[in-house]
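# could you work out the structure for the sequence below:
(3 chains)
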Amino acid sequence: MSTEETIPQTLTRRSDFLRAARSRHVARPGFILQARKRTPDEADGVRIGYTCSKKVGNAVRRNRAKRRLRAVARDVLPGCGRDGWDYVLIGRPETTQNQPFDEMVDDLKTALEKIHGNGT
RNA sequence: GCGGGUGGCUGGAUGGCCGCGGGUGGCAACGCCCGAGGAAAGUCCGGACUCCAUGAAGCGACGGUGCCGGGUAACGCCCGGCCGGGGAAACCCGAGGGAAAGCGCCACAGAAAACAGACUACCGCCUUUCGGGGCGGCAAAGGUGAAAAGGUGCGGCAAGAGCGCACCGCGCCGCUGGCAACAGCGGUGGCACGGCAAGCCCCACCGGGAGCAAUGCCAAAUAGGGACCGCGCGGGGCGCAAGCCCCGGGGACGCUUCAGCCCCAGCAGGUCCGGGUUGGCAGCUUGAGCGCGCCGGUAACGGUGCGUCCAGAUGAAUGGUCAUCCAGGGGUGGCAACACCCCGGACAGAAUCCGGCUUACAGGCCACCCGCACAA
RNA sequence: GCGGGUAUGGUGAAAUGGUAUCACACGAGCCUUCCAAGCUCUUGGUGCGGGUUCGAUUCCCGCUACCCGCU
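A predicted model of the protein is given here:
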């Protein structure tokens, strides 16, 4: 577990998102978390991606949802993220923008614990 | 003060902590500067720019625009004016050329729907079995319709009718004003000419096509693979040859003419299928730019001086949180001023760049105009 | 980002500017011991807002929703 890697890489490739979607996922009111442990020959470090579909709203709402998800992940991931894992945060309509920030931080921590605990 | 109208501006502010994108200085640590909109939106018009089509002219086809004058790089936009319609007014709305170039359509109803005619009715004569019928005159009245051949009044007549006259309307001619659309005045014609061109069309003007995911370069990878279409085996001269020249034939999104280019057994052109790549750089932000002043113009706008650099991302940058203030809504107490508590910030996020149009938009502010009321 | 297309009953499709039609489905009835099939009848619609026209599904303009293509 390398917590020194404070800047997680951002997922950009569609295939990475599809692989994460086929792995395990946990739903919370403000977001849905998908996670996958990569095979050793893939990239190093913690990687994370963000997805907001048209269901979330117009462009302003989608961008704002992604910014809040980034802010939450930036607070939580350096302590709780595990090396060699891909995470994907999916925005949800209304709640991703309106839920209090502290609740979302707590939700992400428990969601990460649950997703790590199930596997390995 | 109340009601109405027009044009414009703004559309949260400041600070603390933790973060984001670009540029720049530095070996680095780190620092400095900049960082969404009036619509960034819809993609409805007009351009710049790039590639494709060989270029020019004319004709044709197709598409668009359409009162007049001006502005502009250009426009279907803007400004000013005219005409028509709405409103008491300020003001608002209008795809607003041509219906005597031609074709087409006008359902139902109605006698008749476009060019004349006549169902009921009216009038005269003849006739009658007294219900009416025949011939002629007439087009005012009735009813139908979205629309019925000028309207009103007087005269006139067998009954009537622009049949005659006055006014209004309409057409034509002339004069005056205006760059013009058009308006005003005078004369004249007894009325001839229904509507639809966002139906075909005619006239005038404009327009080649595709789009920054265009396009160019670098790197990587794969199988420079396959099918179809359209051309196409010419003659002579010089030269050892390569090649050059002349004649002829052919080619390129409709035709013609002219000029140029290319081809005349090529591995070249066009269309399509299949395979690989989903990386990087350029294009990429200084531009019909923005601000202020002066001059010209009724205005749109133009000219000029000074100042200024104002986002360039590519799973895509402005966020999270806290405090105070500024607006706003609700509740409680109070005659009121006010105090306290709660909620809470419109529409919306650049993606090559400009000029417009259209659509969305909580609230707030400013200026001008019209009407009414009041005071002086 | 750029470009293109579609919208008609619950579904799929027609309709020169003149009463919106057809099939299936839904509902009711007939037939049958019952079901299916068949027959008869009924309900229900031009995405929204304007304009042209006497009259608009159709013509024109603006919105909305959905679909497709382009590296």
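# buried sites along the helix of greatest length in chain A?
Counting by DSSP state H, the longest helix found in chain A is helix A:59-80. By neighbour count on 16 or more other C-beta atoms under 10 Å, the buried set for helix A:59-80 is A:61-62, A:64-66, A:68-69, A:72-73, A:75-77, A:80. Glycine gets a C-beta too; all of them are placed from N, C-alpha and C.
# also stretch A:11-28?
Neighbour count says stretch A:11-28 has A:11, A:16-17, A:19-20, A:25-26, A:28 buried, by 16+ other C-beta under 10 Å.
# need the residues of chain A near RNA strand B, please.
Contact residues, chain A versus RNA strand B (C-beta under 7 Å from any atom of the strand): A:7, A:10-14, A:17, A:49-51, A:58-60, A:63-64, A:66-68, A:70-71, A:74, A:100-101.
# farthest pair within the buried residues of helix A:59-80?
The largest separation in those, counting by C-beta to C-beta, is between A:R61 and A:C80 at 27.3 Å.
# before we move on, the earlier item: which is the next helix or strand following the longest helix of chain A?
Next helix or strand after helix A:59-80 toward the C-terminus (DSSP states H and E): strand A:85-91.
# what about that following strand, distance to the chain center?
Centroid separation for strand A:85-91 versus its chain: 3 Å, with C-alpha atoms, centre = their mean, to the nearest Å.
# listing partners with orientation, what would you give for that strand?
strand A:31-37 (antiparallel), strand A:47-51 (parallel) (DSSP bridges).
# columns mean neighbour count, distance to A:I115 and mean pLDDT on top of the ones you listed, output as JSON lines?
Formatted as JSON lines, those follow (neighbours: other C-beta atoms under 10 Å; distance: least, C-beta to C-beta, whole Å; pLDDT from 0 to 100):
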{"stretch": "strand A:31-37", "mean neighbour count": "22", "distance to A:I115": "5", "mean pLDDT": "89"}
{"stretch": "strand A:47-51", "mean neighbour count": "21", "distance to A:I115": "13", "mean pLDDT": "86"}
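# can you list contacts of stretch A:58-68?
A:50, A:52, A:54, A:56-57, A:91, A:96-97, A:101, A:104 (C-beta atoms under 8 Å, 6 or more residues apart in numbering).
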